[in-house]
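Asks: Below is the structure, and that's it, no one-letter string:
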């Protein structure tokens, strides 16, 4: 059974490339997307318990990916949240993990790490 992913990414070009990459190179299926913090919160509220992993960009058109991560603290035990950002500095990694992120991946250098993470979720 595929992993149900929720993508929070405001850049259309990245979404257009990332979704087919995720769906063809991992066992995940993107079930929803959001471009803003508010849209992400609404989607999470409407789909509570019906997603396996949220892949969240740090800087959104409106709002912050860190606030989305913080909102996911009350998620179910099987649900995971990761940051996927061009700004995966040590400080961002530390802060995201403190807010409850399960992992942080750099968009430019760690796409394989994200895909491996998604594959591991499928094996759980």
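Replies: Right, received. Where do you want to start? Being a predicted model, the structure only gives us computed values, none of them experimental.
Asks: going forward, measure contacts between C-alpha atoms and count neighbours the same way
Replies: Noted.
Asks: Quick one: residues contacting the spatially most central residue of the chain.
Replies: Nearest residue to the geometric centre of the chain (Cα atoms, centre = their mean): residue 55, 0.8 Å. Neighbour list for residue 55: 5-8, 81-84 [criterion: Cα atoms under 8 Å, 6 or more residues apart in numbering].
Asks: what do you get if the cut-off is 10 Å, keeping everything else the same?
Replies: Contacts for residue 55 (Cα atoms under 10 Å, 6 or more residues apart in numbering) come out as 5-9, 30, 33, 65, 69, 80-85, 101, 103-105, 114, 118.
Asks: So which of these are in strands?
Replies: Per DSSP state E, strands hold the following members of those: 5-8, 30, 33, 80-85, 103-105.
Asks: Out of those, flag the one nearest to residue 23.
Replies: residue 30 (7.2 Å; Cα to Cα).
Asks: Tell me what that closest one is bridged to.
Replies: Bridge pairing for residue 30 (DSSP bridges) gives the partners residue 5.
Asks: neighbours of it, just the number please.
Replies: 20 (other Cα atoms under 10 Å).
Asks: Relative to residue 46, how far out is it?
Replies: 16 Å (Cα to Cα, to the nearest Å).
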